[in-house]
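> Would you be able to build a 3D model of this:
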Amino acid sequence: MRNIDHWINGKLHPSKSGNFAPVYNPATGEQQAQVGLASAEEVEFAIASAKAVSQMWRATSISKRAEIMFRFRELVVQNRDHIANLVSIEHGKVPSDAAGELARGIENIEFACSIPALLKGGYSEQVSTGVDVYSIRQPLGVVAGITPFNFPAMVPMWMFANAIATGNAFVLKPSEKDPSVALYLAELLQKAGLPDGVFTVLQGDKIAVDGLLAHPDVAAISFVGSTPIAKYIYSTGTANGKRVQALGGAKNHMVVLPDADINMAADAAVSAGFGSAGERCMAISVVVAVGGVGDKLIEAIKERLPKLITGPGTDPNAEMGPLITREHRDKVASYISGAAAEGATVVVDGRENNLPAEGFFLAPTLMDNVSPGMKVYDDEIFGPVLSVTRVETYDDAVELINNHQYGNGTAIFTRDGGAARQFQFDIQVGMVGINVPIPVPVGYYSFGGWKASLFGDVAMYGPAGIDFYTHTKTVTSRWPDPSTSSVDLGFPLTR
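Numbers count the residues shown, from 1 in each chain. Prediction:
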């Protein structure tokens with residue numbers, strides 16, 4: 001059985017804990033490797049290794065850091081097919097989804113390449129006679145990221161690109177379900193010239209997470225995952241005096257007004273609801289049909305689903321892959337029967353599709369007449385289940401979304417510019433799309449929701465990422481009047 005190791009101080013370190021977790025190929029259901037789970041002693045070793053180089057890296061010039069990030073960006077681009085293949089093998093994404101993940105991750109590396117401009121402070125001369133004030137940004141030291149299985153390449157890039165560029169040493173704890181991508185990125189960072197120890201990959205489970213949260217030498221924690229775990233990460237990390245940004249779950253609604261282009265809205269609902277098998281925090285989970293648009297919209301979505309091919313990433317025709325594990329697939333499938341029992345209408349049942357015999361597959365599912373109070377509406381399902389909720393008016397749609405516990409992303413489809421502008425004003429959600437179903441911000445903005453979708457005050461990547469990974473220091477300075485100096489400067493002084 002192939003073992004997947006830690007990456008500490010620039011080389012692979014086999015785990016000595018004796019504890020392992022299986023790594024499956026979701027398209028076949030077969031175990032393809034096992035990942036060593038860190039012991040408390042290994043957590044300590046990893047953090048000590050990062051701390052040992054953190055001051056050296058902090059002192060490295062900004063231009064040198066930018067140079068390394070540029071080289072890393074080129075290596076990622078050159079090896080993007082290999083990285084996408086690793087994502088497909090361990091996560092199950094079809095090639096188009098894996099390639100899309102890489103493209104959005106590269107945006108964040110490109111943003112970090114601009115670090116000389118991003119770290120500029122401010123300067124005010126002569127705030128008082130002979131007194132100047134200026135601000136500078138300085139790194140925190142050792143910081144850590146705890147990342148989910150659904151984007152094993154992109155989400156780590158959300159974190160470590162900015163963290164390293166700002167002068168921090170970074171410890172990545174990837175998901176134990178698809179850990180190999182993190183190790184390959186570590187190799188590319190080393191080839192780009194990053195000093196050993198600045199980037200660490202610590203494989204593990206709760207022991208590793210709790211070790212990072214409690215360790216006094218870890219200054220900040222970044223997390224993306226479910227809301228219960230995000231809440232735990234935030235409360236535990238802050239109780240230990242750390243900065244914490246913790247992105248939680250989502251239940252993203254897509255409002256379709258009566259004047260919308262139905263074909264455009266249906267295409268958007270299918271791609272946003274079933275891309276990456278629905279395993280993404282920005283997936284559209286609920287389509288809110290306003291007025292009399294419901295029947296036409298349901299029919300348009302329904303007729304598209306048979307054309308959506310579910311299969312392994314090795315199938316060049318596949319458009320949606322498997323779910324990450326058998327247990328998760330079965331949990332998602334249980335929502336279908338549960339919704340029917342609660343009164344929803346199962347329009348297309350993904351369990352009845354002609355699916356591959358092996359692997360953790362579930363085909364796209366479409367439900368109508370879903371309403372608040374049903375588990376299929378209230379819960380984050382994280383799978384290929386799309387619900388349609390019908391309301392009478394625009395105000396009903398806004399109230400529905402604003403009353404939900406999650407506030408990650410939402411979208412509206414309409415031809416009416418006034419309605420769209422009002423929607424972005426009214427809605428209590430962190431990211432809004434107007435005729436865009438998945439409004440993930442580009443790398444030079446920042447990603448973050450509201451309510452139970454974000455714990456902490458700082459969003460992920462972009463300008464917010466620079467703020468999160470740096471302290472701001474303000475300096476007030478006064479120098480002696482040179483005209484009173486007894487030292488001959490070699491030139492006359494004038495005032």
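> can I assume Ser285 is in contact with Gly383?
No - under the criterion of CB atoms under 8 Å, Ser285 is not in contact with Gly383, lying 9.5 Å apart. Just so you know, the C-beta spots here come from the backbone N, C-alpha and C atoms, and that holds for glycine as well.
> what residues do the two have in common as contacts?
Gly278 (CB atoms under 8 Å, 6 or more residues apart in numbering).
> what about Lys296, helix or strand, and which?
Per DSSP states H and E: Lys296 is located in helix 294-304.
> swap in Ile221?
With DSSP H and E as criterion, Ile221 is part of strand 218-224.
> Repeat that for Glu74.
helix 62-78.
> Toward the C-terminus, what is the element adjacent to that helix?
By DSSP H and E, the next helix or strand past helix 62-78 is helix 80-91.
> Buried residues in that next one, which are they?
Under the neighbour-count criterion of 16 or more other CB atoms under 10 Å, helix 80-91 has Arg80, Ile83, Ala84, Asn85, Leu86, Val87, Ser88, Ile89, Glu90, His91 buried.
> got the residue ranges for the helices in the stretch 101-250 of the chain?
For the stretch 101-250 of the chain, the helices defined by DSSP state H, counting those that start in this stretch cover 115-118, 154-165, 180-191, 206-214, 227-239.
> Show me how far the longest helix along the chain is from its chain's centre.
Ranked by residue count and defined by DSSP state H, the top helix of the chain is helix 40-59. Using CA atoms, centre = their mean, to the nearest Å, the distance from the centre of helix 40-59 to the centre of the chain it belongs to is 24 Å.
> Which strands and helices lie in contact with it?
Packing partners of helix 40-59 (3 or more CB pairs under 8 Å, 6 or more residues apart in numbering; DSSP states H and E): strand 6-8, strand 131-139, strand 142-146, strand 169-173, strand 199-201, helix 206-214.
> List the buried residues of that helix.
For helix 40-59, by 16+ other CB under 10 Å, it's Glu42, Val43, Phe45, Ala46, Ile47, Ser49, Ala50, Lys51, Val53, Ser54, Trp57, Arg58.
> per-domain residue ranges of the protein.
By the assignment in automatic domain parsing, the chain contains the domains 3-248+453-476, 252-434.
> now the ones you listed in TSV, with distance to Tyr445?
TSV is the format used below for the domains of the chain (distance: least, CB to CB, whole Å):
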stretch	distance to Tyr445
domain 3-248+453-476	5
domain 252-434	9
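> possible to save the ones you listed as TSV with mean pLDDT and distance to Pro482?
Shown next, in TSV, are the domains of the chain (pLDDT from 0 to 100; distance: least, CB to CB, whole Å):
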stretch	mean pLDDT	distance to Pro482
domain 3-248+453-476	97	10
domain 252-434	96	52
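> Which one of the ones you listed lies nearest to Ser483?
Nearest to Ser483 among the domains of the chain is domain 3-248+453-476 (11.3 Å), distances taken as CB to CB.
> hang on, Leu37 packs against Lys16?
No - look at Leu37 against Lys16 with CB under 8 Å: they stay out of range, at 10.7 Å.
> Run a quick neighbour tally on the closest residue to Gly241 other than its chain neighbours.
Leaving aside its sequence neighbours, Gly241 sits nearest to Pro216 (CB to CB, 6 or more residues apart in numbering; 7.9 Å). When neighbours are defined as other CB atoms under 10 Å, Pro216 has 9 of them.
> what about Pro216, distance to Ala48?
12 Å (CB to CB, to the nearest Å).
> Same check on Pro312?
Counting by CB to CB, the gap from Pro312 to Ala48 is 42 Å.
> what's the answer for Val256, then?
According to CB to CB, Val256 and Ala48 sit 54 Å apart.
> repeat for Lys206
21 Å.
> ok, now Gln78?
Taking CB to CB, one finds Gln78 at 33 Å from Ala48.
> repeat for Ser371
According to CB to CB, Ser371 and Ala48 sit 54 Å apart.
> With Ala459 instead?
From Ala459 to Ala48 the distance is 31 Å (CB to CB).
> any chance you could map the helices in the stretch 301-450 of the chain?
Taking DSSP H, counting those that start in this stretch, the helices of the stretch 301-450 of the chain run over residues 326-341, 375-378, 394-402, 417-426.
> Quick check: end-to-end length of stretch 372-383?
19 Å (CA to CA, to the nearest Å).
> same question, stretch 118-129
Start and end residues of stretch 118-129 are separated by 30 Å (CA to CA).
> cool, and stretch 453-467?
Stretch 453-467: ends 20 Å apart by CA to CA.
> Please list all residues in contact with Val440.
Taking CB under 8 Å, 6+ apart as the contact definition, Val440 lies against Arg104, Met282, Gly409, Met431, Phe447.
> Hmm, the first one is touching Met154, no?
Put plainly, it is Arg104. Yes - if you go by CB under 8 Å, Arg104 and Met154 touch, sitting 5.3 Å apart.
> Of the two, give the one with the bigger neighbour count.
Neighbour comparison, Arg104 and Met154: the larger count goes to Met154, with 25 against 19 (by other CB under 10 Å).
> which residues sit in contact with the more buried one?
Contact criterion CB under 8 Å, 6+ apart gives Glu101, Leu102, Arg104, Gly105, Asn108 as the residues in contact with Met154.
> Over to Ala38?
His6, Ser15, Ser17, Ala46, Leu202, Gln203, Gly204, Ile207, Ala208, Gly211.
> Give me the phi and psi for it.
The phi/psi pair for Ala38 (degrees, to the nearest 10) reads phi -70, psi 140.
> roughly how far apart are it and Leu185?
18 Å.
> Any chance you could list what contacts the longest helix of the chain?
Contacting residues not belonging to helix 40-59 are listed as 6, 8-9, 13, 15-17, 38, 138-139, 141-142, 164, 167-171, 195-198, 200, 202, 204, 207-208, 211-212, 215, 217-218 [CB under 8 Å, 6+ apart].
> Buried ones among the residues you listed?
Buried, going by 16+ other CB under 10 Å: 6, 8-9, 13, 15, 17, 38, 139, 141-142, 164, 167-171, 195-198, 200, 202, 204, 207-208, 211-212, 215, 218, out of the contacts of helix 40-59.
> Check the spacing between Ala220 and Gly237 real quick.
In terms of CB to CB, Ala220 sits 8 Å off from Gly237.
> Pick out whichever of these two has more residues nearby.
More crowded of Ala220 and Gly237, by other CB under 10 Å: Gly237, with 27 against 22.
> what's around the residue nearest to the more buried one when sequence neighbours are not counted, how many residues?
Of all residues not flanking Gly237 in the chain, Val244 sits nearest, at 3.9 Å (CB to CB, 6+ apart). Applying other CB under 10 Å, we find 23 residues neighbouring Val244.
> Need the residue closest to the centroid of this protein.
Closest to where the C-alpha atoms of the chain average out (CA atoms, centre = their mean) is Val155, at 3.9 Å.
> how much space is there between Phe111 and Leu247?
From Phe111 to Leu247 the distance is 18 Å (CB to CB).
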